[in-house]
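> Quick one: sequence and predicted model below, then my questions.
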Amino acid sequence: MNRNLEKLLWLAVVIQAVGLVLDILLRLAAGVVMVQISIPFTMAGLLVCLVAAWRERLTRRSLEEKQDRAAIGDTTTHSLFAMTPEAETPFSAAQQLRQYERFVLPALPFMLAAICGAGAVWLAAIARTPAMLLPDSPPVAGFLAGRAFVVFLLHRVLLAISHRQEGESVRAPAIWLGLTALAACFGAGIVLADSWADTALTGPALLTGSIVAALLATEALLTGVTGFYKSHTARARLRASRLGTLLCDPSVWAHSLAGALDYQFGYRISETALYRTARRLVLPLLVLQLLLLLFSHCLVILEPHEAAVIEVMGRPATDRILQSGYHLVLPPPWHRIRRYPINRIQTLQVGFDHHDDHNHHQDVKLWSEEHHDDEHDFLVAAHGIDRERDLFAPDAAGHVPVTLLSISLNMEVQITNLVHYMTAYRDPAKLLRQSAARLLMLEAGNADVFDLMGPGQQALAERMKRRLEDTVRELNLGLEIRAVNLLGIHPPVAVAGAYEMVIGADEMYEAAILEGNSYRIRRLPAASAEAYEHRQSAAAERDARMTTAAAEAALFVSRADAARIAPLVYPMRTFLDLMEARLPHTTRHLIAAPADADVIEIDFTHKPYDGLLDAAGRLERPDPGN
């Protein structure tokens, strides 16, 4: 008879009951989510501890009754119709213990299966309801961790007692206490991860708890069913969950490993000094690793471009901004360090989802190729495609045709006010990207498609920079816009071919118009010059012909006058001038005349005379008598 063991079990009942009440109050009054993961395990542990404590109480009372009967002696009347001494008192502790072991203990696995099964369904339903998965604050993690620590201490005490032969009855409560502590510790870790690392693990954590509870329910149901085929003594034993034992009792792993090694090598390696030394050093090594882990969180090294803010129990200490260098802080959960690159220009992209890819660094890309991953399309007006033809003029209702363009924008920003940057909004960079996307959508809707794809890109970038600066000042983001650059504007890849056909046809049309204008500009001056040349040539020819005709008429008149004055000399002179003109540099001979005629020899090699008439006048006529 061990009263201390009974007291420990009743203490476990009180602790589980208080924990269950606190979990329910926190869930109903404060809306805490993660306390729900420990409720099924707490209820099952409370039931097992209550059953074990009541059994210990009945066992103690039964032993006390035996001791009392032995002390006062046996006064029972023995006869043929007398009953057994223990059965004479219908409400004795021994009879209650037999009834308890006969009905309550065999039904315990089914009750555990019902509790764990209902808890699994309940947790799964909560995990599938996003409206109920609100993140908890860090103080909830402190409550869960403190509760897990208290339950864990009691679990280790009962587990140590269960390793002794007289404490086998407390093994099942010890395992369920360990499961409760494990669930509470797991919930505390999830709360810290959600509040510090900005994760969304509440739903998966509840789903994990649902799966574990379902496995425990299945195991309890199988244990209860197989209990019908066992003896009364075997059914009266309070059996611990094997799955819970694997999760909460590390010694099982050590014994299993030792047995496996002994079987594998053929001798008892578990009894060697090396194995025993390793078993002794496991806990100190784990403690050393934990201390090193805590020290690694205490030493903070900030790069030259970084600054950090200390969060004390989830609240930022804005008056303690750490600059670059080495700093010592308290380990989590007391202090948490949030780093920010305040001395580095950050790049934010709008219009596409940024991924590091070597294809994005190519210098030349066609419209038919994606420039970036997951490019966004913006609605752009198409009213200015051809103002002369007015193909896309607004209709009677004032509607303007639109088209789509993929626009990629690059923003260069820098943190100027760290306190405003970290306290104003949850994610200032995301908010700035969303604001830039909204402004870009407005600017694109008020612009012309060909203006954006041509000379209007620089003006668009300047307008976006001014509007983003105004937005940053209005929202008080603590950022400075250093530059806004347009990475590219092109049609969507799916319709790039159609765009090229339309643009090509329009360019051909414009080229034909420009070619006609250039031909007109080129041919008009040439035609004017040719007309002027023809007019001047005609006038010159007219003047030449008139002058020639007048000269010929005057020559004819003068020749007629000369012929009339000297009818014999003029013909001869004319004939001789013609001969001289037609036969230059030629020796001329006069055919001999009759004997009585004068013979004249003329040497034209040297021209001593100006003409034949001059030579004839200067020659002396020979004497006919000679």
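Noted; the coordinates are in hand. Residues are numbered from 1 along each chain as shown.

> Give the other helices and strands that the longest helix seen in the chain contacts.
Taking DSSP state H as the criterion, the chain has its longest helix at helix 496-565. Counting contacts by 3 or more Cβ pairs under 8 Å, 6 or more residues apart in numbering; DSSP states H and E, helix 496-565 is packed against helix 569-582. Quick note: C-beta positions are derived from backbone N, CA and C, even for glycine.

> tell me what the helix or strand where Val287 lies is packed against?
Secondary structure assignment for Val287, by DSSP states H and E: helix 273-298. Applying 3+ Cβ pairs under 8 Å, 6+ apart, we find helix 273-298 packed against helix 250-265.

> which residues in this protein form strands?
In the chain, the strands defined using DSSP state E lie at 299-302, 307-312, 315-322, 325-328, 335-340, 346-350, 377-381, 402-415, 479-490.

> Return the set of buried residues in the fifth one.
When burial is assessed from 16 or more other Cβ atoms under 10 Å, strand 335-340 yields the following buried residues: 335-336, 340.

> need those in a markdown table with distance to Leu405, can you?
Below are those laid out as a markdown table (distance: Cβ to Cβ, whole Å):
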| residue | distance to Leu405 |
| --- | --- |
| His335 | 49 |
| Arg336 | 44 |
| Tyr340 | 35 |
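
> ok, back up a step: nearest approach to Glu580 belongs to which of the strands of the chain?
Closest of these to Glu580 is strand 479-490, at 89.8 Å (criterion: Cβ to Cβ).

> Give me the sheet partners of that closest one and which way each runs.
Here strand 479-490 is paired, per DSSP bridges, with strand 402-415 (antiparallel).

> Distance from the chain centre to the strand it pairs with, please.
Counting by Cα atoms, centre = their mean, to the nearest Å, strand 402-415 is centred 15 Å from the centre of its parent chain.

> I'd like the strands of the chain as JSON lines, with mean pLDDT appended.
Below are the strands of the chain laid out as JSON lines (pLDDT from 0 to 100):
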{"stretch": "strand 299-302", "mean pLDDT": "86"}
{"stretch": "strand 307-312", "mean pLDDT": "84"}
{"stretch": "strand 315-322", "mean pLDDT": "78"}
{"stretch": "strand 325-328", "mean pLDDT": "85"}
{"stretch": "strand 335-340", "mean pLDDT": "83"}
{"stretch": "strand 346-350", "mean pLDDT": "87"}
{"stretch": "strand 377-381", "mean pLDDT": "79"}
{"stretch": "strand 402-415", "mean pLDDT": "85"}
{"stretch": "strand 479-490", "mean pLDDT": "86"}
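
> show me where pLDDT drops low in the stretch 351-500 of the chain?
Applying pLDDT under 70 to the stretch 351-500 of the chain flags residues 354-370, 372-373, 383-400.

> same question, the stretch 1-150 of the chain
Applying pLDDT under 70 to the stretch 1-150 of the chain flags residues 1-2, 73-91, 131, 133.

> Arg147 versus Ala213, what's the distance?
From Ala213 across to Arg147, the span is 18 Å (Cβ to Cβ, to the nearest Å).

> ugh, wrong one, I meant His371
His371 is 55 Å from Arg147, where distance means Cβ to Cβ.

> same deal with Leu182?
12 Å.

> coming back round to it: export the strands of the chain to JSON lines and append columns for distance to Gly259.
Putting these into JSON lines (distance: least, Cβ to Cβ, whole Å) gives the following:
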{"stretch": "strand 299-302", "distance to Gly259": "43"}
{"stretch": "strand 307-312", "distance to Gly259": "48"}
{"stretch": "strand 315-322", "distance to Gly259": "52"}
{"stretch": "strand 325-328", "distance to Gly259": "47"}
{"stretch": "strand 335-340", "distance to Gly259": "44"}
{"stretch": "strand 346-350", "distance to Gly259": "58"}
{"stretch": "strand 377-381", "distance to Gly259": "66"}
{"stretch": "strand 402-415", "distance to Gly259": "60"}
{"stretch": "strand 479-490", "distance to Gly259": "63"}
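
> Out of those strands, which gets nearest to Asn4?
Closest approach to Asn4 among the strands of the chain is made by strand 335-340 (41.5 Å; Cβ to Cβ).

> Could you spell out the sheet neighbours of that closest one, each with its direction?
On the basis of DSSP bridges, the sheet neighbours of strand 335-340 come out as strand 307-312 (antiparallel).

> Just the C-alphas of the strand it pairs with, formatted as PDB.
What follows is strand 307-312, C-alpha atoms only, in PDB (Å, rounded to 0.1, in the frame of the first residue of the first chain):
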ATOM      1  CA  ALA A 307      20.400  47.500 -38.700                       C
ATOM      2  CA  ALA A 308      18.200  45.600 -36.300                       C
ATOM      3  CA  VAL A 309      15.400  46.200 -33.800                       C
ATOM      4  CA  ILE A 310      15.000  44.100 -30.600                       C
ATOM      5  CA  GLU A 311      11.500  42.700 -29.900                       C
ATOM      6  CA  VAL A 312      10.900  42.100 -26.200                       C
END
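
> Buried residues in that strand, which are they?
307-311.
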